[in-house]
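*Asks:* got a structure for you, letters missing:
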C-alpha cells in the first residue's frame, strides 16, 4: 500500500486549516475593536491650527525668475543646521493657591493624565468641578481619553473632593 496520497491529503488539509485560521483571526481582530499596541503619544501641548493660505499651483518658473544658486561651501566646513524651536513652557500653577491638588485621587486619573491636565492649566478639583460640556469634549479630544471623563464621572468626584478639601 502506498502512503503518498495520504501525506498529500494531510498536507493540503493542514494548509487549508492554517489559511482558515488566518482569515478568522484577521476578522476577529478587526471587528473586536482591539488593535495592535500603538506607541505612546507625545505629551506636547497642541498648538492652534491656522488655515494654510491658498496659493495658485505653480506650473513652471520662467528662466528670468529662477532662484539664485546656493553658494558653494568651502571644503572642511560643515553647514549649520537651523536651530530647533523650543516648545512653549507649560503654564504654571496659579500663585494665589499654595499647592495644586493631587488629581490622582480622582478615580481614573493617573500620573500621565495628571501631567496632561496640568499642561492644559488644570490643577485644582474646583476647576474640574466647573467643567462645561465644551471643555470636557475639548480635553477628551486633546488628551485622547475616549470618553473617560463621563464614564468615570470625574466632575462628580471633583465636586466631592473639592467640598471635602474646604
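*Replies:* Everything's here; your move. All values reported here derive from a predicted model rather than from experimental measurement.

*Asks:* I'd like to know which helix or strand in the chain has the lowest mean pLDDT.
*Replies:* Within the chain, no helix or strand scores below helix 4-32, which has a mean of 89 by mean pLDDT, DSSP states H and E.

*Asks:* could you identify the helix or strand that succeeds it?
*Replies:* Beyond helix 4-32 on the C-terminal side, the first helix or strand identified by DSSP states H and E is helix 111-119.

*Asks:* next helix or strand past that following helix?
*Replies:* With secondary structure assigned by DSSP H and E, helix 111-119 is succeeded by helix 125-129.

*Asks:* need the contact partners of that next one.
*Replies:* Helix 125-129 has contacts (CB atoms under 8 Å, 6 or more residues apart in numbering) with 101, 103, 106, 121, 122, 154, 155, 158, 159, 161, 162, 165. Backbone N, C-alpha and C define where each C-beta goes, glycine included.

*Asks:* report the mean per-residue pLDDT for it.
*Replies:* Average pLDDT, helix 125-129: 93.

*Asks:* return the set of buried residues in the helix or strand just after it.
*Replies:* Where DSSP H and E defines the elements, the next helix or strand beyond helix 125-129 is helix 133-142. Buried residues in helix 133-142, counted by 16 or more other CB atoms under 10 Å: 135, 136, 139.

*Asks:* could you dump the residues you listed to a markdown table with distance to residue 146?
*Replies:* As requested, the buried residues of helix 133-142 are exported to a markdown table (distance: CB to CB, whole Å):
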| residue | distance to residue 146 |
| --- | --- |
| 135 | 17 |
| 136 | 13 |
| 139 | 12 |
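
*Asks:* quick one, phi psi at residue 100?
*Replies:* Per-residue torsions, residue 100: phi -70, psi 160 (degrees, to the nearest 10).

*Asks:* gap between it and residue 110?
*Replies:* 16 Å (CB to CB, to the nearest Å).
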